[in-house]
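1. below are the sequence and a predicted model; questions follow.
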Amino acid sequence: MEIYQGVRPAVPIGLAALEQKAREALDPAAWDYVMGSAGGERTAATNLAAFDHWPIVPRMQRDVGTRCLSIDLFGAHLPAPVILGPVGVQSIIHPEGELPAAKAAASIGVPFVLSTVSSRPIEQVVEAGGSLWFQLYPSRVPELNASLIGRAEAAGYSAVVVTLDTRLMGWRDRDLERAFLPFLRAEGLANYFTDPVFRAALAAPPERDPAAAVRHWAELYSNPAATWDDIRALRACTRLPLILKGLLHPDDARRALDSGADGVIVSSHGGRQVDGAIAALDALPVVVDALAGRVPVLFDSGIRRGADILKALALGAAAVLIGRLYCLGLAAGGEAGVRDTVLNLLADFDVTLALSGYSRCDQLDRSALALPSAAGAWRSRTG
């Protein structure tokens, strides 16, 4: 109603227009880095297309005069089931790096997940206020992993997200064509360059010899030899909720619980890692069934609309994470752009929830959806 009364958002409402404005604002290499995916980008496309396979079946004559989008998650009460997911090296999107998006999240009351490869260090992003989670890319150095987690816990972060699907960087055509990897230019390495364990291994501090610091980072950044034992070691590093991100197989989800995880995130990294992988949404109900409510299951990869949130929650997600979507808002309008992009998404979800016949997130289950791509199958299921 504010929009109809003349209060215009800081960014375009339509997704195509938002993308166009963001693209115009970014350097072409930065645009490709943010929007590109692995190989032929088939998984990224499949992530989006998967939402069309689960149609909503609206219900009528239900009281939806008052809606409540809030949820309880890991001991916190959130105003909506949306989290700003980890996106690294935001300095290539905005000169203030992660601060504008973190401030926007704080103004709305939803968590912001800081990436290990952020442009601003753990302690500085706390200045944005709000609820902060820290995302870890486990390195080859256990002491460094423990140091980063310890810094986040000491700074007041409320959860740790460990990304499992980036043991190697995916083959990304767009970035390879431009020979563009921002980390090799010392972008996105603020947490490493400020870490005592990392600095202690250098002959000279990063301020004096950034090239040597970058080379050291490249040697330890990821650990292709990691096993579930490494997750147990991370579990022992912190009292914070430990959430494992990048799971698509039910057996891996079970192993995550056995390793001490307090939650999992079903994700294909937005299609940036394995070209041709299963759509994250199609993996979601299988993982949910495997875990049988023992821990919260979160979801990311492909959320663009309010209907997408509804479908993910109906398939069992406790909440969803967004990444590229809020980055478009960041590029197009800074902090205000992120805030209004997220508010537009939440308003879209609120309207879709009501028009589908529901007033609360916890009312959603698979009965809100037809079976994938098969109205006949849905009829047989409902009689």
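-> Arrived safely. Numbering: from 1, shown residues only.

2. what about the residue nearest to residue 161 when sequence neighbours are not counted, which SS state?
-> Nearest residue to residue 161, sequence neighbours excluded (C-beta to C-beta, 6 or more residues apart in numbering): residue 135, at 4.3 Å. For every residue, glycine as well, the C-beta is placed using N, CA and C. Secondary structure, DSSP: H, G, I helix; E, B strand; the rest coil: residue 135 is strand.

3. shouldn't residue 135 be in contact with residue 244?
-> No. When contacts are counted by C-beta atoms under 8 Å, residue 135 is not listed as touching residue 244 (11.0 Å).

4. can you give me the strands for the stretch 251-383 of the chain?
-> Ranges of strands in the stretch 251-383 of the chain, per DSSP state E, counting those that start in this stretch, are 263-266, 297-299, 319-322.

5. neighbouring strands for the second one, and are they parallel or not?
-> I take that to be strand 297-299. Partners of strand 297-299 in the sheet, by DSSP bridges, are strand 263-266 (parallel), strand 319-322 (parallel).

6. for it, which outside residues touch it?
-> 83, 243, 253, 263-267, 280-281, 284, 287-288, 291, 312, 315-321 (C-beta atoms under 8 Å, 6 or more residues apart in numbering).

7. please apply the same query to stretch 143-156.
-> 114, 116, 122-123, 126, 132, 134, 136, 138-139, 160, 191-192, 195-198, 220, 233-234, 237-240.

8. just the buried residues from those, in ChimeraX please.
-> Remark: buried members of the contacts of stretch 143-156, expressed as a ChimeraX selection using 16 or more other C-beta atoms under 10 Å:
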select :114,116,122,126,132,134,136,138,139,160,191,192,195,197,198,233,234,237,238,240
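
9. how about residue 136, nearest residue that isn't a chain neighbour?
-> residue 162 is the one closest to residue 136 (C-beta to C-beta, 6+ apart), at 5.1 Å.

10. report pLDDT for that neighbour.
-> pLDDT, residue 162: 98.

11. return the distance of the strand or helix carrying it from the chain's centre.
-> Secondary structure from DSSP states H and E places residue 162 in strand 160-163. Offset of strand 160-163 from its chain centre (C-alpha atoms, centre = their mean, to the nearest Å): 11 Å.

12. CA atoms of that strand as CSV?
-> Once non-C-alpha atoms are left out, strand 160-163 reads as follows in CSV (Å, rounded to 0.1, in the frame of the first residue of the first chain):
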residue,chain,number,x,y,z
VAL,A,160,28.5,-20.7,12.6
VAL,A,161,27.8,-21.9,9.0
VAL,A,162,30.3,-24.3,7.6
THR,A,163,30.3,-24.6,3.8
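
13. who does the following helix or strand past that strand touch, helix- and strand-wise?
-> Following strand 160-163 in sequence order, the next helix or strand is helix 173-178 (DSSP H and E). With contacts taken as 3 or more C-beta pairs under 8 Å, 6 or more residues apart in numbering; DSSP states H and E, helix 173-178 sits against helix 28-35.

14. in the stretch 151-300 of the chain, where is pLDDT below threshold?
-> Along the stretch 151-300 of the chain, the model assigns pLDDT under 70 to no residue.

15. in it, what residue spans correspond to helices?
-> Here the stretch 151-300 of the chain has its helices, by DSSP state H, counting those that start in this stretch, at 173-178, 190-193, 196-200, 210-220, 228-235, 250-258, 280-291.
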